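S.K.: Quick check, what structure comes out for this input:
(one chain, ligands or ions: 2)
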Amino acid sequence: MGTISACIFDLDGVVVDTAKYHYIAWKSLANGLGFDFTEEDNERLKGVSRMRSLEILMEIGGVDLDEETQLKLAAKKNEEYLEYILKMTPDEILPGVKIFFEDLKAKGIKIALGSASKNAMTILEQLKLTSYFDAIVDGTHVSKAKPDPEVFLKGAELLGFEPANCVVFEDAEAGVEAAINGGMRCVGIGSPDILNKANFVVPGFEGFTFEKLESGLNK
Ligand code: G6P
Ligand code: MG
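M.R.: Ligands and ions are numbered 1, 2, ... in the order given. Take a look at the predicted model:
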């Protein structure tokens, strides 16, 4: 694999913990439909698109809804989710993320976003992070969900680099697979048990540097 020219970041669970807000909104939808939705259930929705998340939720509750109702409920869930997102502040950026971005900038490494979320731009604006990104690819730009590599390949293309020169940061198994399917190296953010296909895994960005990235990939 080549030198590192760019780093592509997933958003939810990598840059910011939005899972807790997704959880509250999905739970209230489930409760409204008459069943419970646990935090453990919520784990299944990480990295998964909005409509697929609703399908999983319906599976958990054992309910069957027509397409029109599904679209309405997904929009309702998103409205509630947005109420929380619009209250977010830069304090919610996960520890070490901004320092790592600064380190990459100082080393001349390009930064891209590769997220399944259609709310990615809103979230980046709330966190005041938009200007750090040289390219942004989100759920409004792709037609295929992770583990399809489309979102990351588009990011690499926008930056003008080959996949072999890009490194992806991901917290979801499907995201790690998407990076590998796109011919990119991947750093897992979270637990090595779940993200075992990544080149290596770190618990978060606290204390993480470009030097540690290079040495981790060369091991
Ligand atoms: C990310 C999150 C998922 C979420 C998806 C779509 O991948 O990890 O939990 O369902 O984005 O998010 P959206 O903001 O478009 O509903
Ligand atoms: Mg994620």
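S.K.: what stretches of this structure score poorly on pLDDT?
M.R.: 1 (pLDDT under 70).
S.K.: Which residues of the chain lie near ligand 1?
M.R.: 12-13, 22, 45-50, 53, 78, 116-119, 139 (C-beta under 6 Å from any ligand atom). Placement of C-beta: from N, CA and C, glycine included.
S.K.: and the residue of the protein nearest ligand 2?
M.R.: Gly13 (3.6 Å; C-beta to the ion).
S.K.: Would you check how far apart that residue and Gly34 are?
M.R.: According to C-beta to C-beta, to the nearest Å, Gly13 and Gly34 sit 29 Å apart.
S.K.: who has more neighbours, the two?
M.R.: Under the neighbour definition other C-beta atoms under 10 Å, Gly13 and Gly34 were set side by side, and Gly13 has more, 20 against 8.
S.K.: neighbours around the nearest residue to that one once chain neighbours are set aside, how many?
M.R.: Closest residue to Gly13 apart from its sequence neighbours, by C-beta to C-beta, 6 or more residues apart in numbering: Asp171 at 3.5 Å. Applying other C-beta under 10 Å, we find 25 residues neighbouring Asp171.
S.K.: Over to Lys76?
M.R.: 14.
S.K.: Tell me who's in contact with it.
M.R.: Lys76 makes contact with Leu29, according to C-beta atoms under 8 Å, 6 or more residues apart in numbering.
S.K.: Which helix or which strand is home to it?
M.R.: helix 67-85 (DSSP states H and E).
S.K.: Quick check: the residue lying farthest from the centre of the chain vs ligand 1, distance?
M.R.: The outermost residue of the chain relative to its centre, with distances by C-alpha atoms, centre = their mean, is Gly34 at 29.4 Å. Gly34 is 22 Å from ligand 1, where distance means C-beta to the nearest ligand atom, to the nearest Å.
S.K.: How about Glu150?
M.R.: 13 Å.
S.K.: what do you get for Leu29?
M.R.: Taking C-beta to the nearest ligand atom, one finds Leu29 at 12 Å from ligand 1.
S.K.: Give the closest residue to that residue in space, chain neighbours not counted.
M.R.: Leu29 sits nearest to Lys77 (C-beta to C-beta, 6+ apart), 4.9 Å away.
S.K.: List the residues that contact the one you found.
M.R.: Ala25, Trp26, Leu29, Arg50, Leu54 are the contacts of Lys77 under C-beta under 8 Å, 6+ apart.
S.K.: Identify the farthest-apart pair in the residues of the chain next to ligand 1.
M.R.: Across the residues of the chain next to ligand 1, the longest distance by C-beta to C-beta is 18.0 Å; it joins Gly13 and Asn78.
S.K.: Could you list the residues of the chain in contact with ligand 2?
M.R.: Within the chain, the residues that sit near ligand 2 (C-beta under 5 Å from the ion) are Asp10, Asp12, Gly13, Gly47, Asp171, Ala172.
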